[in-house]
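K.L.:
here is a sequence with its predicted model. Questions after.
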2 protein chains.
Amino acid sequence: MASTLLTPGSNAERSRLYNRGLVLGHIRREGEAGRAEIARASGLSTQAVSNIISDLLAEGWVVEAGRRLGQRGLPAVTYAIRAEAGAALGVEIRPDAVLAAWIDMSGHVLHGERIALSRARPEDVLPVLERLLARGQGAGVAIDALIGAGVVMPGPVGRTGLSGLATELPGWAEIDARAALERTLGLPVTVENDANTAAMAERVMGAAQGIDDFACLYFGAGLGLGLVAGGAVFGGAFGNAGEIGHIPVPARGGVQRLEDLASRMALARRLADAGLRTETVEDLETLHAACPPAYADWLEEASAALGHAVQILENLLDPETIVLTGALPPVILADLVARTPLPALSVANRPDRRHPRLIAGRVGRRAATLGAAALVVNTALSPRLVAPS
Amino acid sequence: MASTLLTPGSNAERSRLYNRGLVLGHIRREGEAGRAEIARASGLSTQAVSNIISDLLAEGWVVEAGRRLGQRGLPAVTYAIRAEAGAALGVEIRPDAVLAAWIDMSGHVLHGERIALSRARPEDVLPVLERLLARGQGAGVAIDALIGAGVVMPGPVGRTGLSGLATELPGWAEIDARAALERTLGLPVTVENDANTAAMAERVMGAAQGIDDFACLYFGAGLGLGLVAGGAVFGGAFGNAGEIGHIPVPARGGVQRLEDLASRMALARRLADAGLRTETVEDLETLHAACPPAYADWLEEASAALGHAVQILENLLDPETIVLTGALPPVILADLVARTPLPALSVANRPDRRHPRLIAGRVGRRAATLGAAALVVNTALSPRLVAPS
DNA sequence: GTTGAACCTTCAAGTGAGTTGAGTTAATCG
DNA sequence: CGATTAACTCAACTCACTTGAAGGTTCAAC
């Protein structure tokens, strides 16, 4: 479907774009790199890389970072991504609020905003976005530095822009969300689900830096799965991959949905059953320190369920690592990582691993919003032959 | 890892190669196509496509197929893949035998061979492959028409050629299998596992023709998963994706490995427990017609387990369809497809599907061997920017 | 039946990007 | 200090795609 609509044919111009992405991607991966080194890694001639670098320098995408001494021969001048070369906007649209974050090309957070909503219909949200843009500008984010925006919305979004699919936000299923957002923001927009953007956040500025193939379990309302393959988001055939919350796992002699066991809602329900009221993430954190029996039971049950999920993910996808991230306090994520049993029966159980099989995310609670921005940065600094759809 | 070793940089030569693949891929997908049509689909200029086609014609890769009348204007000359343009060899190395199949570029089977082995160490197998090549030639497959070979081996093969990993075939873990096979066969070799090649067989000449994103459940000794994403095999980070047999599924109040429920061995064991001896696939087929209680029980249990697998695959990967294939009689595959409950709680449960959610494969028992050859054809007729590793 | 619009295809000139090979500069090693 | 090694640059070259004009062929409208 997608391939017939795009124009994947290669010509000089697209080759150039692709090679630019290759150069930028290499520099980002390595932190800094010299021309000759990039040429060797990419298979391009040094001359070609040299030309590209001088363009990137002139356009302000990279800066001289230093010289590589210690070897024989003329010391290589190394280059690094210029953090201020551009900025990306991440927007998360929830039923009750719009969150926004601005980051620079190196993944540093420039600014954050939150505007409460009473309704989240398109006609309510779009004007709010304009206000957000203005606020960002007020906080010092140059509007012409913005190279794009990532938008997180709940519900199956689909890559096709087809309307008619059920969405949890009212009114959005009937319109072409991406086009409307692009018009309002005046920026190229990518729409993704929370788990996928969270994965990108971990890749660009969190625990999965430099990892090209991994899976990300995201604690939002339920439990989502973000898949990164070859350094890019993997969306499946229709862009709806990653609904891991729905899969059946064995529990207490029966079968339950994974997200009925391992999710913030599951925890909150467990605690409520025990008469413990938790409203905010802070409540969950405070209670974790005390660790009443209901909490301990949930940790037990959730980590057992996560163990099943890990076994499934590893055997199906063979990722380099699995990251636990999302709207749970870091202590709890770390606790879950520690408790989750790593199945012996797994292709991931090999001696020569570069990363632990399961790790805790590092971007914190705003993973989805930050990831929406990270998605844009990741795309800008990666080679791609076809335009994003 | 892989990306730093390959040379993904784009230049005129690689652009050409990529665009050739694009043209060939379009023609294969459509059956036949005209120059202008391909130009529109690929975003290339008609002139560029014209040049590529005339090269392909001169080299014998495509032939004139007809003219598209009925529209206004000069009728387009259409071209089709020339089946005899090349041939691919598929080899399956088992502990007790080597199977081989030759196919042409349109996926027609040219010839098949089977040579029994007493041992399957490299020094036993490699000479047998030379004999196979000779036999193929004797049966009319021109040796210089061969464009490559795909090889299926049991056990985690890994894409890296790293030795030291456990293999089910003795002696193969210690050597660089691909290099040894390339030396012996004198052909570019791709090594894959059975489930992935079976998926390719279904894509090139079976039930998944024209489908770019799907999953394939393969009944071999156990149960394997072949993943096709964007028209190519998806191997995961380390090339070992697809070990679905190991995942836990709920069954009879407990947890069991999927392949202890849904696999040929599971069926054979069930029947053996009931005093029914089954040695060959034919036995299984005969017995299916009679359908004794043990058989019915297994069908029940296996399809329930497959239902779980379907739910997991759909929610995790959102494929266009799932194909059931492998070394079970077609009747049984069809029966399993019919019995397997399709979970309502799935992102795949959408109204606008182009394909059924679960379908039976069509390449039959030799799926893995044929798929090894199909892998080569698929690669030759698809655009790719980086060389296969 | 004639005219014209629509469409495919080719020719020839032009452009952009990567490659090649020689030459320059600057560290390190002996 | 000179030889060696390595990064980098200059200029000429090549390759593949694009552009624009021209030539053909079919269908449809008048």
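P.N.:
Done, it's in.
K.L.:
from here on, contacts and neighbour counts on C-alpha atoms
P.N.:
Noted.
K.L.:
contacts for the lengthiest helix in chain A, please.
P.N.:
The longest helix of chain A (DSSP state H) is helix A:293-317. By C-alpha atoms under 8 Å, 6 or more residues apart in numbering or on different chains, the list of residues contacting helix A:293-317 from outside reads A:215, A:249-251, A:258, A:261-263, A:267, A:270-271, A:274, A:287-288, A:319, A:322, A:336-337, A:339-343, A:345-348, B:225, B:235-237, B:240-244, B:246-248.
K.L.:
any low-confidence regions in the stretch 101-250 of chain A?
P.N.:
For the stretch 101-250 of chain A, applying pLDDT under 70 flags the ranges A:155-167.
K.L.:
how many neighbours does the residue of it found nearest DNA strand C have?
P.N.:
Nearest to DNA strand C in the stretch 101-250 of chain A, going by C-alpha to the nearest atom of the strand, is residue A:147, at a distance of 19.9 Å. By other C-alpha atoms under 10 Å in any protein chain shown, 19 other residues sit near residue A:147.
K.L.:
and if you look at the one 3 residues further on?
P.N.:
Taking other C-alpha under 10 Å as the criterion, the count of residues near residue A:150 is 30.
K.L.:
list the contacts for it?
P.N.:
Taking C-alpha under 8 Å, 6+ apart as the criterion, residue A:150 is in contact with A:88-91, A:189-192, A:371-376.
K.L.:
apply 10 Å and report the result again.
P.N.:
With contact set as C-alpha atoms under 10 Å, 6 or more residues apart in numbering or on different chains, residue A:150 has these partners: A:88-92, A:100-101, A:178, A:181, A:187-192, A:197, A:369-377.
K.L.:
identify the bridge partners of it.
P.N.:
Using DSSP bridges, the beta-bridge partners of residue A:150 come out as residue A:90, residue A:190.
K.L.:
kindly report the same for residue A:325.
P.N.:
Per DSSP bridges, the residues bridged to residue A:325 are residue A:218.
K.L.:
host element of whatever residue of chain A ends up closest to DNA strand D?
P.N.:
Closest residue of chain A to DNA strand D, C-alpha to the nearest atom of the strand: residue A:73 (2.8 Å). Under the criterion DSSP states H and E, no helix or strand holds residue A:73.
K.L.:
list the buried residues for the host helix or strand of the residue of the stretch 101-250 of chain A closest to DNA strand C?
P.N.:
If you go by DSSP H and E, residue A:147 is part of strand A:146-152. Within strand A:146-152, the residues that count as buried by 16 or more other C-alpha atoms under 10 Å in any protein chain shown are A:146-152.
K.L.:
for stretch A:81-91, output the C-alpha coordinates as CSV.
P.N.:
Provided in CSV are the C-alpha atoms of stretch A:81-91 (Å, rounded to 0.1, in the frame of the first residue of the first chain):
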residue,chain,number,x,y,z
ILE,A,81,25.9,17.4,15.8
ARG,A,82,25.2,21.1,16.6
ALA,A,83,22.5,20.8,19.2
GLU,A,84,21.0,24.2,18.3
ALA,A,85,20.8,23.3,14.6
GLY,A,86,17.1,22.6,15.0
ALA,A,87,14.5,21.9,17.5
ALA,A,88,11.6,19.5,17.5
LEU,A,89,8.2,19.8,19.1
GLY,A,90,6.5,16.9,20.9
VAL,A,91,2.8,17.1,21.6
